[in-house]
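*Asks:* predicted model follows, preceded by the sequence.
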Amino acid sequence: MSYLPPEPKPCPCGSGKESWWMYDCYGIELDRVCESCEDSKRKRYTPETFTGYRHLTDEPIEPEDY
């Protein structure tokens, strides 16, 4: 049995161009994009969506006994 790659799908933006999945930093599918709409769809998300959240803190997690 031979493997056939899936046929290209047109972008839902209406451009008619071939689309692909745009992923977040954890590999979760966000939206189908093409070269025409990728930038505008990427702007819907915060930069941390693609780079990960890197907030360092020195606050205690557990409540302190008073």
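*Replies:* Cool, got the structure. The shown structure was predicted, so the numbers you read here are calculated from the model rather than taken from an experiment.
*Asks:* only C-alpha atoms from now on, for both contacts and neighbour counts.
*Replies:* Will do.
*Asks:* how far off centre is stretch 57-66?
*Replies:* Mean C-alpha position of stretch 57-66 versus that of the full chain (C-alpha atoms, centre = their mean, to the nearest Å) differs by 33 Å.
*Asks:* for that stretch, list the C-alpha coordinates in CSV.
*Replies:* What follows is stretch 57-66 as a C-alpha-only set of coordinates in CSV (Å, rounded to 0.1, in the frame of the first residue of the first chain):
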residue,chain,number,x,y,z
THR,A,57,8.6,35.3,39.8
ASP,A,58,9.9,34.9,43.3
GLU,A,59,6.5,35.0,45.0
PRO,A,60,5.7,32.0,47.2
ILE,A,61,3.2,29.6,45.7
GLU,A,62,2.0,28.2,49.0
PRO,A,63,0.3,30.5,51.6
GLU,A,64,2.4,31.6,54.5
ASP,A,65,1.5,30.7,58.0
TYR,A,66,0.9,33.9,60.1
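*Asks:* pLDDT weak spots in the chain?
*Replies:* The chain contains residues with pLDDT under 70 at 1, 66.
*Asks:* let me know the distance separating Leu4 from His55.
*Replies:* Relative to His55, Leu4 is positioned 44 Å away (C-alpha to C-alpha, to the nearest Å).
*Asks:* any chance you could map the strands in this protein?
*Replies:* In the chain, the strands defined using DSSP state E lie at 20-23, 29-33.
*Asks:* can you give me the buried ones in the longest one?
*Replies:* I take that to be strand 29-33. By neighbour count with 16 or more other C-alpha atoms under 10 Å, strand 29-33 contains the buried residues Asp31, Arg32, Val33.
*Asks:* which one of those is nearest to Asp39?
*Replies:* Nearest to Asp39 among the buried residues of strand 29-33, counting by C-alpha to C-alpha, is Val33 at 8.9 Å.
*Asks:* excluding chain neighbours, what is closest to the closest one?
*Replies:* Computed as C-alpha to C-alpha, 6 or more residues apart in numbering, the closest residue to Val33 that is not its neighbour in sequence is Ser19, at 5.2 Å.
*Asks:* isn't the one you found up against Asp31?
*Replies:* No: contact criterion C-alpha atoms under 8 Å: Ser19 and Asp31 do not qualify, at 9.7 Å.
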